[in-house]
Every structure is written in structure tokens, then in C-alpha cells.
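[1] compute the structure for the input listed below.
(chains A, B, C and D)
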2 protein chains.
Amino acid sequence: MDNVNLKKLAEELNLAVSTVSRALRDNHEISQETKDRVKALAAKLGFQPNPHASSLRQNKSRTIAVVIPEIQNNFFSQVMNGVEDVAQRKGYHVLIYLTHDDHNREKEILQVLRNGRVDGLMISVSNTTTNIEHLEAYRQSGMPLVFFDRVCEEIDVPRVTTDDSIAAFKATEHLLKVGCKKIAFLSLACNLSISSGRRSGYLKALAKHGLDNEMIIECGTDDETNRQNIRELLQSDQRPDGIFAAVEKFAINTYEVCHELNIAIPQQLKLVGFSNLSAAALFDPPLSTIVQPAYEIGKEAATILFKIVEKKMLLPNEKRVMIASEIVERKSTGK
Amino acid sequence: MDNVNLKKLAEELNLAVSTVSRALRDNHEISQETKDRVKALAAKLGFQPNPHASSLRQNKSRTIAVVIPEIQNNFFSQVMNGVEDVAQRKGYHVLIYLTHDDHNREKEILQVLRNGRVDGLMISVSNTTTNIEHLEAYRQSGMPLVFFDRVCEEIDVPRVTTDDSIAAFKATEHLLKVGCKKIAFLSLACNLSISSGRRSGYLKALAKHGLDNEMIIECGTDDETNRQNIRELLQSDQRPDGIFAAVEKFAINTYEVCHELNIAIPQQLKLVGFSNLSAAALFDPPLSTIVQPAYEIGKEAATILFKIVEKKMLLPNEKRVMIASEIVERKSTGK
DNA sequence: GCAAATTTCGGAAACGTTTCCGCAAAAAAG
DNA sequence: CTTTTTTGCGGAAACGTTTCCGAAATTTGC
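    Modelled structure (predicted):
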């Protein structure tokens, strides 16, 4: 009653195991009549092929891994959503791993995934990743690999990102347009490409408008530290009239401090930040955001990964995919 | 260079494959000296056992599946976070499947997971699930199964939930305490236990305070339809002075309509809703929420699932785990 | 009407583990 | 000094597929 397998089907039908296997896979060497008989019985008994036997034999698992820093973040949730959609449609399974921005954890995960458990992997690297040996080792093993969002510049694999620099440029310019003279940039403290990209966009915008009063505040994962940094910033005599938050978290921290210090947004301080939170529209005041095409990034990265897994040729423009972010102007930068 | 397996290690060391296997697994039949030699070489060559071969032989995959309606929702994200933490610590892998609240999709997923790909499954059932055959079939197959949050009452498997009814009772009573006389309940239109639990808590609170003017509005997945329902509600002459939203989405929809109709929260309408959005504190006005212990639910459900998988005895109180939700009072129900 | 090609299937090897069974050599028991 | 037990290891089966290699039976070519 328990496990119905090929052997059981074969016995029942007086066929060889190989014949049954072929019939189920619509092999042309099997007559239509036999195929029908086999499939009928398989359906009747609810036969499901054992994936481990199949994977072992074929050396492919129909499974991919997604490695992300955290899931409790709208951006990555939306990415997962995109990935899962594509995977589901292609009949693939999705393993999820969280690094919590811990380099060592990331290393362990990659280590353990180099043994055939998955056919390929997509990753948004941890912001504590300085040493890239584990990524390089994974690539060297020949396994399909795709970066998305937080990519590793040094390793030449397909990547799907957003135009961080351009988006940051636009956001900064937007702040300038609405009258800001002194704009602070809350930067993600790490040597990630997204971090430097956003910073450079910020600097370019200032430069274009002839400003050299950049203020770059490095923020991190700890909310209280961030708030303290922002508090000092807003209480200093160098107080900015605009803040550009490189990640959602820092925008939230800014709101918190402003409420605490009774600083009115947007009258006394204008604020814009990267964020994929749809509820940003309900904030007090509604937050102007740069929203990244998270779902599309996930979808695109997965599509490319599957192409590599299935050894299809990648189009030239699929090796470096960049999808534009969109700036949504709301009250936090209004007059 | 490519695949280093037991056979290769064995040849290199002049040992039998079986010996190598045992050595790596610290079998007591192997001398310490041999173990050391084997492990040294395995480490040197970066040997990773093939999980499919292992799973096939042992009939266990060290993998669990999590089936949820959506991931782009703070509650489920936090659940995943909890699950992943436990799984990671126990060396298990986590497959994620999204149903998008589609019964058929849910059915297909469960179907395909009944073949040994995973050692167990935890699920929060889709709200379109009326027919429970697929769940029953899965249980009948003897595979470990745990429900969380959106459980299926008819099937007797361990479940981890929150005290929906009590939480709803408290929320309703909170609205009464701050002066509401006519409270509408935005209900999730489905026959899910969480839906009926929350509704009954709402009704109980009204009854306790001698009120019989219940207003139950069924809402669904489509935002515009929900907004239309809420719009009609707030424009009718039966307009309530308090709204209790059964799920986060409906609270958001209420904000949207209130902004649109210029209804002041909390002066003209008080609002409370189930929500795990930490940014609710930044809303205009800050939203009073019932926050479910999502992380703990995920953690607990996973812990129980692993216990079943590993055939450990479940404590009596682990078959029905209920973790309290917490009500966070903010301005949306303030005076 | 016979050789050749095609169709349809069976047997067995292979994937890389784990584990059952057996068997020497060494140690313990008597 | 013999018998039993223990220790340490090797050989081979087994898990359930897929696929290679035939091999009858049927059809086609001439």
C-alpha cells in the first residue's frame, strides 16, 4: 500500500521496469497501447516517481537554491515571489537559505550546496562578505550561478540588478529640485556594489548642481546605533534639509528620530529612500520612495538561471540585466 | 577533479567504500586512526556526500517543505524566518511553495510532495480551500504534517496557532473601551478557522457588553472591491464609529478610503487590525495592531515537525500549540 | 521471398550512498 | 592453551530510477 514504484507497476502489468519507465516518459520506443495501459495504472495507484533515485541517476535535481540576507524585507519577499512563479511554471523546486548578512553562514551554505542538491543557485550576497573565495569556489565547480541585486563585481557570472546609481542620482536630484541645499546620504556601510552605486549617484547629482557639501553617514544593521547617528546629524549645526536613505530601514529610522525630535517632514526636512514597502503611502507623511522592480528581478534572475541550468544559450544582454527602479514622489519631499 | 565520492576516497586510501562511509559517520566499528586518515583526506578534497544517493538509501531527505499562501506579507515572512532558523540549526533544508490562495495549486503541490522529496511538510492552508481531500490524502500517506495559523479543523494533526478568538475579543473590547458604539468587522471571506475564530471573538465582545448591532463585512483579495465595500459602509447612514480589520490588508484598504473620503482617524473612526507590519507605527495616524507571534509560530511549528520527522514523542501540549497575540495600542484608536 | 530496417520491449548496469553479513585478527575468558 | 568475544574492516546487496545494449517480432525494401 505504501510505496508504489516502477517495479510494482511492472509486475502488475507484466512488463519490464525499463518499459514502464519509458512509457511514463513518453519514449518513442513504446507503443501507444502500452503507454496507455501503464499511464492508466500509474494514475490509478497515484504513482509518483522517487525524486532521489531520479536525481541520482540523471544527476539533476530540478531544484534551485535562493540565498538571500533576509526574508523579512519587502524587497526580498517580492524577489522570492518572482522566483517562485517562474520555478513553479517550469516544475522546479525552490530551496531558500537566509544568511542574516553573516559571511560565515553564507560560506557554509555555498559549501553544502556544491554537491548536486541543486541544479543552480541565485544569490544576493551578504553585506559582511569581504572574502569572496566561497563564491569563486562555487563558480569554479561549474555549477550555474546568478547574482541579483547585491552582486559581486569580481566574479563574472550573469547578474540582474537595478540601476542603483541612476536611481540614486534621480532621487538626489529630486531633493534638489524641491529646494534642498544640504542633503545627507545615509549609506549602507559595506563594500557592496549597491552601496557604492547609490553613493556615486548621490555624489554625481551634487556635482552636477555644483555642490560639494556631501554628507555621508554610514549606517548599519542596529536600529539604535542608526538612530543615534541620525539624531546627532539632525542636532548638529550642520543639520541637513534633506535626507536620502540608501535602504528602507534607514528611512524608517529617520522617521523615528524626527518624531522624537519634533522635526517636521517635509517642512524642516525632506526625505526620500529606497523602499519596496507599499504601505509607505500611508506613512506620516507619505514617504517618497525609490522602488526597485523586485518581482521582475526575481523573475528575470530565475529565468536566466534556468536557461543556464538547461544549457540554453544566453542572449548577450542577459549576462548583465539591469531593470530600472522607479521613483515615487510623495509628501515627504513635497512642499 | 570534478566529483569526489566515496569510491575515490576509498581508492586513494586503500580502504573499502564501506569503511570510508563509516569513518565519515563516526561509526564505532572504525578505529580512530582510520577515521582520522579518512576525514583528513575528505576535508582536503572537499568531499561532500551526494544527497540524492544518501536520501535514496536512507529514505529521508533532510528537507522539509513550507507551503504558504504568499510570501509578500510580513506575517508569513516572519514565519519563514522562524522556520529557517530552526531548520538551519538542525541541518535541514527548506523548500518553499506559494499557493497564492489557490486551492488547485495547493492540491498539486501536496500531490507532488508525497514521494519522499521531503521528510515532512508544514502548511498554512489557502483560503479558497473547501475540499480537504488533498490534505487528508497527505496525512493518510503517513508523512509528517503540521498546520500553522490557517489550520484545517477536520484533520487531526499537530497545529500551531494564535489565540484568534481571544485576540479579536480584546481588540473589539479595546474599541469599546475607547468609546466606540458601532463597530464593524471586516471579515476574511472564507471558511477558515482563523476567520471564524476572529469573528467569534468580535461577537463575544459585543455580546459581553450587551450590544447586538454587529456589522460584518466580507472582504477578499481584490483591493478595489474591498475599498468599494468599505466606502459604502462609511457612506451609509449606518456608519460605524469603529472598524476592526481581520487582516492587515483590510486595515490598509480602510486607511485608503478614509483618506479619500476625508474621514479623520481616530476622531471620526477608530481602527484596529491584525497586522505584523512594524511600520504600522509610522502610519498616519499610527495603527493600533494585533500582532501575531509570527516568528515564534514558525519556530514552534518547525520544531514540532522535526520532532515528528525524527520520531520523537510529542509532549501532550505540543499537539495544539497556541501562542498569544499581542495588542499594540496606537493613535488610530486613541482619543 | 529473403535481407534489411524498424518497432517494441527486456535485462542489466549504473548513479553514490548505507547497511547487512561475514571474516580475519586481536583480545578476553576459561 | 583453547574457546569465546571483540575489534576493524571488506564485499556485496539494496534504494528506485534511467539508459545502454541487445533481441525478438514485425515491417519494409528490392
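
[2] count the residues that sit near the residue lying closest to A:Glu326 once chain neighbours are set aside.
    Nearest residue to A:Glu326 in three dimensions, chain neighbours excluded: A:Val291, at 5.4 Å (CB to CB, 6 or more residues apart in numbering or on different chains). From N, CA and C alone the C-beta is placed, and that goes for glycine too. Applying other CB atoms under 10 Å in any protein chain shown, we find 21 residues neighbouring A:Val291.

[3] ok, A:Ser126 next?
    The burial count for A:Ser126: 24, using other CB under 10 Å.

[4] quick one: it and A:Asp101 touch, right?
    Yes - in this structure, A:Ser126 is within contact of A:Asp101 by CB atoms under 8 Å, at 4.6 Å.

[5] helix, strand or coil for A:Ala302?
    For A:Ala302, the assignment made with DSSP: H, G, I helix; E, B strand; the rest coil gives helix.

[6] what's near enough to touch it?
    A:Ile64, A:Gly82, A:Val83, A:Val86, A:Ala87, A:Met122 (CB atoms under 8 Å, 6 or more residues apart in numbering or on different chains).

[7] just the pLDDT for it.
    In this model, A:Ala302 is scored at 98, pLDDT.

[8] and the gap between it and A:Ser332?
    33 Å (CB to CB, to the nearest Å).

[9] joint contacts of A:Ser126 and A:Asp101?
    With CB under 8 Å, 6+ apart, A:Ser126 and A:Asp101 have common neighbours A:Pro69.

[10] among the contacts of A:Ala302, which two are most distant?
    Pairwise distances across the contacts of A:Ala302 (CB to CB) peak at 12.8 Å, for the pair A:Ile64 and A:Gly82.

[11] who has more neighbours out of those two?
    Neighbour count, other CB under 10 Å: between A:Ile64 and A:Gly82, A:Ile64 has more, with 24 against 21.

[12] pretty sure that one is in a strand, no?
    Yes - assessed with three-state DSSP, A:Ile64 lies in a strand.

[13] how close does the residue nearest to A:Glu326 sit to A:Gly273?
    A:Val291 is 10 Å from A:Gly273, by CB to CB.

[14] how about the host helix or strand of A:Arg227 and chain B, touching?
    When elements are assigned from DSSP states H and E, A:Arg227 belongs to helix A:223-235. No - Helix A:223-235 lies apart from chain B when judged by CB under 8 Å from any CB of the partner chain; the minimum separation is 10.2 Å.

[15] any chance you could list what contacts that helix?
    A:184, A:186, A:215, A:217-220, A:239-240, A:243, A:249-250, A:253-254, A:256-258, A:260-261, A:263, A:269.

[16] pLDDT wise, what is the residue of the stretch 151-300 of chain A found nearest DNA strand C at?
    The nearest approach of the stretch 151-300 of chain A to DNA strand C comes at A:Val157, 24.5 Å away (CB to the nearest atom of the strand). A:Val157 carries a pLDDT value of 96.

[17] over to A:Asp222?
    If you check A:Asp222, the pLDDT there is 93.

[18] please report phi then psi for it.
    Note on A:Asp222: its backbone torsions stand at phi -90, psi 120 [degrees, to the nearest 10].

[19] picking that back up, in helices, which of the contacts of helix A:223-235 appear?
    A:Lys249, A:Phe250, A:Asn253, A:Thr254, A:Glu256, A:Val257, A:Cys258, A:Glu260, A:Leu261 (DSSP state H).

[20] quick one, what contacts the residue in the stretch 151-300 of chain A that DNA strand D sits nearest to?
    Nearest residue of the stretch 151-300 of chain A to DNA strand D: A:Pro158, at 26.4 Å (CB to the nearest atom of the strand). By CB under 8 Å, 6+ apart, the contact set of A:Pro158 is A:Val146, A:Phe147, A:Ile304, A:Leu305, A:Ile308, A:Leu314, A:Glu318, A:Lys319, A:Arg320, A:Val321.

[21] and for A:Ala87?
    So A:Ala87 contacts A:Ile64, A:His93, A:Val94, A:Ala302, A:Phe306 (CB under 8 Å, 6+ apart).

[22] show me how the record splits chain A into domains.
    Domain assignment for chain A by automatic domain parsing gives A:6-49, A:62-162+A:294-323, A:164-292+A:327-333.

[23] the helix or strand containing A:Arg89 to helix B:74-90, inter-axis angle?
    A:Arg89 is part of helix A:74-90 when elements are defined by DSSP H and E. Put simply, helix A:74-90 runs at 80 degrees to helix B:74-90, going by axes from the mean of the first three to the mean of the last three CA atoms, to 10 degrees.

[24] give me the three-state assignment for A:Val4.
    Per three-state DSSP, A:Val4 ends up coil.

[25] then A:Gly273?
    strand.

[26] surely it is in contact with A:Phe250?
    Yes - at 6.5 Å, A:Gly273 counts as touching A:Phe250 under the criterion of CB under 8 Å.

[27] any shared contact partners between those two?
    A:Leu186.

[28] follow-up on the earlier one: now the residue nearest to A:Glu326: how far from chain B?
    Noted for A:Val291: a distance of 13 Å to chain B, by CB to the nearest CB, to the nearest Å.

[29] for chain A, which spans come out with low pLDDT?
    A:1-2, A:335 (pLDDT under 70).

[30] state the helix or strand in which the closest residue to DNA strand D within the stretch 51-200 of chain A lies.
    The nearest approach of the stretch 51-200 of chain A to DNA strand D comes at A:Ala53, 3.2 Å away (CB to the nearest atom of the strand). Taking DSSP H and E as the criterion, A:Ala53 maps to helix A:51-58.
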